[in-house]
Each structure stands twice: as C-alpha cells, then as structure tokens.
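Novice: Quick one, structure for this:
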Amino acid sequence: MPISRALLGYALGFIGVIIFGATLPVTRLAVESLDPWFVTTARAMFAGLLAAAILLVLRRRFPGRHLAALLTIAVFVVFGFPLTMALAMQLVPAAHGGVVLGILPLATAASATLIAGERPSPAFWMWSTIGAAIVVVFALRDGGLALQGGDLLLLAATVCAAIGYTVSARLARIMPGWEVISWVVVLSLPVTIVATWWLWPADTAAVPIDAWIALGYLAAFSQFLGFFAWNVGLAIGGISRVGQVQLLQTFVTLIIAALLLGEHIDLATILFAVAVVVVVALGGHARIGTRNEAGAT
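Specialist: Sure, this is the predicted structure:
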C-alpha cells in the first residue's frame with residue numbers, strides 16, 4: 001500500500017477516534033438524567049433526520065442492492081453498540097469502559113478476518129494483542145478483575161462495534177463512507193422515531209441542559225459525523241490496520257473526561273499512552289494480506 005494512502009487512512013481513523021473518544025464520558029453524562037433506552041433511540045433518530053435532509057438536498061439515490069448490508073450495520077451500530085454501552089455505564093465503573101476500548105481493535109481485526117477477507121500476519125496479531133493488553137492493564141490497574149453484570153454488556157458492545165465497523169468499511173470501499181452511515185440511520189427512522197416518541201421523558205423541563213447537550217453530541221457526532229472519517233479511514237487504510245488506532249481511544253477519552261469532568265491525568269497514564277502509540281506504529285508495519293492472496297500461495 002502506498003505510504004500516502006496508508007497515512008491518510010490513519011489520519012481519518014484518528015479523527016474518528018477523537019470524535020468517538022468523547023462518547024463514553026458524554027454517554028455517562030446523558031444517562032445520569034435520561035433513560036439509556038431513550039438515549040439510544042433518540043441519538044439515532046436525530047442523526048437520521050439530519051442524514052435524511054442531507055441526502056434529499058444532494059438528491060442521492062437509495063442503494064437498494066446494498067439493503068441487506070445497511071440493515072446489518074443498523075442492527076449493530078445504531079442499536080446494539082449504543083444500547084449495550086449506555087446500559088453498561090449504569091452498572092460498571094469507568095475502568096471497564098477502558099477494557100472495551102482496549103479489546104475493540106483486536107475484535108475488529110478478528111471481524112475483518114472473518115467477514116472482509118483480510119489476513120493479518122502473525123506479527124500484526126502479536127502487536128495488536130500487546131496493544132490490547134497494555135490498554136486492559138491500564139484500565140484495570142486501580143480496579144479488580146471481578147466479573148460484574150455490566151461486563152457481559154461490555155462484551156456485547158465490543159462484538160457489535162467490531163461487526164458493524166467491518167461491514168461499514170467493506171461497504172465504504174464501493175460507495176462513499178458518509179453515505180453508508182447516512183442510509184443506515186435513515187433506514188432506522190421508522191423504529192427510532194416511534195421508540196423515541198414512546199420513551200420521551202414525561203417531564204422534559206426536569207432534565208438538565210447538560211443531558212440534552214450530551215444527547216445532541218451523541219446524535220450529531222458519535223452516531224453520524226464520526227463515521228464519515230472512520231468508514232473512509234478503514235476502507236482505504238485497511239480495517240485491521242487502521243482499526244488499531246482505536247487503541248488510543250481510551251486515552252482520548254481520558255483527556256476529554258479531564259477537560260469535561262475535571263479528572264486528573266497522572267504520569268502513569270502518559271507513559272501508557274506513549275507505549276500504545278509505539279505499538280500502533282510497529283503494528284502498522286506488519287503485513288496484512290487478503291483471502292485471495294492466501295488462496296494464491
């Protein structure tokens with residue numbers, strides 16, 4: 001792969017990571033005052049209305065032949081991941097969110113292998129596993145390893161995101177990445193509109209403005225605009241390779257939490273972040289083949 005194309009994939013992936021990095025603290029802020037089921041459907045509904053307006057203005061034709069893929073993405077990215085994460089944020093401490101963020105790139109690479117036909121080399125699997133282990137150790141360094149009810153939700157969230165990212169990136173290779181997520185949230189509107197209306201808070205005025213702002217971010221950025229860069233980055237740079245950039249998301253989340261919630265960042269956190277950057281860089285040089293290449297050897 002040309003260096004310039006690979007760097008562009010990494011750059012777009014990192015933009016997506018910055019946007020998604022705020023999702024965890026913002027979701028925690030939202031579910032403090034709003035029902036997690038409502039947060040899930042409302043963020044998707046508002047994103048869908050925004051996407052519908054853009055698609056109408058640009059007069060984009062519905063890609064009917066990709067309906068099955070778009071619906072699959074909707075199941076995992078619009079409903080599965082946001083809901084399981086929102087529910088988990090009510091049950092487990094923030095450190096467990098770091099576990100999800102640490103395991104997700106490895107899960108995405110596995111999904112790319114099974115679904116998209118990528119064939120990461122043993123060296124890639126080694127570096128991705130080391131990176132995941134570093135982030136998991138960081139997330140759990142001050143906590144215990146006791147299995148909690150929310151852990152199963154976090155595992156489900158990881159699986160949903162990995163599958164959703166892979167199918168989205170594969171589709172983004174043959175159609176614009178921004179259209180992929182746009183049609184996904186638009187197709188979800190019949191469900192999200194009805195569900196949002198049904199789950200709407202009885203006393204809207206009692207909900208703090210911070211919660212509504214958080215919901216607005218989740219709808220506009222986490223559910224919609226973030227995928228513009230993320231889908232394209234995965235598509236042009238390789239799902240497995242660019243997916244490793246998400247190892248940095250734990251640390252992006254920490255920085256945003258510090259700015260938003262006043263949390264402290266210590267020297268150990270900085271050292272862990274540096275270690276992850278090194279691992280991502282080394283993993284980026286590892287070979288990633290395709291199923292066709294494997295069959296030809």
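
Novice: Per-residue confidence, G48, what does it come out as?
Specialist: Looking at G48, its pLDDT stands at 98.

Novice: Please identify the helix or strand for it.
Specialist: Using DSSP states H and E, G48 falls within helix 36-58.

Novice: can you pull the buried residues of that helix?
Specialist: 36-48, 50-51, 55 (16 or more other C-beta atoms under 10 Å). For the C-beta atoms, the positions are set from N, CA and C on the backbone; glycine is no exception.

Novice: just stretch 251-265 next, same as before
Specialist: In stretch 251-265, counting by 16+ other C-beta under 10 Å, buried: F251, V252, T253, L254, I255, I256, A257.

Novice: quick one: average pLDDT of that stretch?
Specialist: On average, stretch 251-265 scores 78.

Novice: Convert the C-alpha atoms of that stretch to CSV, please.
Specialist: Extracted in CSV, the C-alpha atoms of stretch 251-265 (Å, rounded to 0.1, in the frame of the first residue of the first chain):
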residue,chain,number,x,y,z
PHE,A,251,-6.5,7.9,26.3
VAL,A,252,-8.5,10.4,24.1
THR,A,253,-11.5,9.6,26.4
LEU,A,254,-9.4,10.2,29.4
ILE,A,255,-8.2,13.6,28.2
ILE,A,256,-11.8,14.6,27.3
ALA,A,257,-13.0,13.4,30.7
ALA,A,258,-10.3,15.6,32.3
LEU,A,259,-11.4,18.6,30.4
LEU,A,260,-15.1,18.0,30.7
LEU,A,261,-15.3,16.4,34.2
GLY,A,262,-12.1,17.7,35.8
GLU,A,263,-10.5,14.2,36.1
HIS,A,264,-6.7,14.1,36.8
ILE,A,265,-4.2,12.7,34.3
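
Novice: So, low pLDDT: which residues of this protein?
Specialist: 1-3, 93-96, 98-101, 116, 120, 139-148, 263, 281, 283-297 (pLDDT under 70).

Novice: Looking at the buried residues of helix 36-58, spot the one nearest R170.
Specialist: A51 (19.9 Å; C-beta to C-beta).

Novice: all helices of the stretch 151-297 of the chain, in order?
Specialist: Using DSSP state H, counting those that start in this stretch, the helices of the stretch 151-297 of the chain run over 177-187, 189-199, 209-217, 226-237, 239-243, 249-261, 267-283, 291-296.

Novice: Cheers, nothing more for now.
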